Structure formats: C-alpha cells, structure tokens
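Peer 1: Attaching a predicted model along with its sequence, questions to come.
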Amino acid sequence: MTYATKTPAFRIAALALAGTLIASAIPASAMEINPSDRAPTWVSESDFSAMNANEIYEIDRAQRLGASVIIEGHSASQSREVVDAALAETPVTRTVSSFDATGYSDPQDTSLGSHGR
C-alpha cells in the first residue's frame, strides 16, 4: 500500500473511533440520578403530616440540593423551616438497601438459630 491509500483508511478509522467514544459518553452523563428529582415540588399539608421520617428526609435533601419543595400554605423559606422542624422531632432511620441485605450471617450471631450457618 502506498501512503495515499493508507491515509483515508486511517482517517475513517479515527473518525469511527471518535464517534463511538462520543456516543458512549453522552448516555453515561444522562443516566446520572439527581436525588432532587425524586422529591415532589408541592406537598399538601395532609400528605406532609402522613409522611414518615425517611420521606421528609428526601424532601430536606432535595431542598438542600436547590429544589423548591413547597408545602401547602407556606412559602419556600417557611417550607424549609417546617421540614427542619419535622426532622428535629422524628429521628431518621436508615432503610435497608439491597447492598445491606447480603444473606450472609456472622458466625458469632446466635440470634438466627440453626438457619444462620
């Protein structure tokens, strides 16, 4: 092969490789989860009073990330104060995720009985 025939082939291969890399980079950033997307932007007073501590914590986290979550009858700043007061009254417990529940048990743990081993 001469230099003239190698150059177009290498250019096409380089463009194909660059296009593949660019195409794979776009969906990776698009799939990032924003925690504030899970929180509602408006909550009625009755729904807020029925929420558990973990749901209130999600609203607090969304507010800290810059999302505006309004509780019925309150302004945005008053809603933040209501959420802070609700979190101060009820402790937030960590929920079990799929990473925590592995199915393995500690051999020292006797609370599981014979099923632990």
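Peer 2: Yep, it's here.

Peer 1: Name the residues of stretch 55-64 that are buried.
Peer 2: 55-60, 62-63 (16 or more other Cβ atoms under 10 Å). (Each C-beta comes from the backbone N, C-alpha and C, glycine too.)

Peer 1: just the residues you listed now: which is nearest residue 37?
Peer 2: residue 62 (8.2 Å; Cβ to Cβ).

Peer 1: Return the distance of that closest one relative to residue 73.
Peer 2: Distance from residue 62 to residue 73, counting by Cβ to Cβ, to the nearest Å: 19 Å.

Peer 1: Now residue 41. Nearest residue, chain neighbours left out?
Peer 2: Once flanking residues are discounted, residue 41 sits nearest to residue 69: 6.1 Å by Cβ to Cβ, 6 or more residues apart in numbering.

Peer 1: In contact with the one you found, which residues are there?
Peer 2: 39-43, 59, 62-63, 79, 83 (Cβ atoms under 8 Å, 6 or more residues apart in numbering).

Peer 1: Can you flag which of those residues belong to helices?
Peer 2: Within the contacts of residue 69, residues falling in helices by DSSP state H are 59, 62-63, 79, 83.

Peer 1: Distance to residue 22 and pLDDT added to these, as TSV?
Peer 2: Putting these into TSV (distance: Cβ to Cβ, whole Å; pLDDT from 0 to 100) gives the following:
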residue	distance to residue 22	pLDDT
59	37	91
62	32	90
63	36	91
79	41	93
83	41	92
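
Peer 1: just curious, which of these is nearest to residue 23?
Peer 2: residue 62 (31.5 Å).

Peer 1: Could you tell me which residues make contact with the closest one?
Peer 2: So residue 62 contacts 35-36, 38-39, 69 (Cβ under 8 Å, 6+ apart).

Peer 1: let's see it at 6 Å
Peer 2: 36, 39, 69 (Cβ atoms under 6 Å, 6 or more residues apart in numbering).
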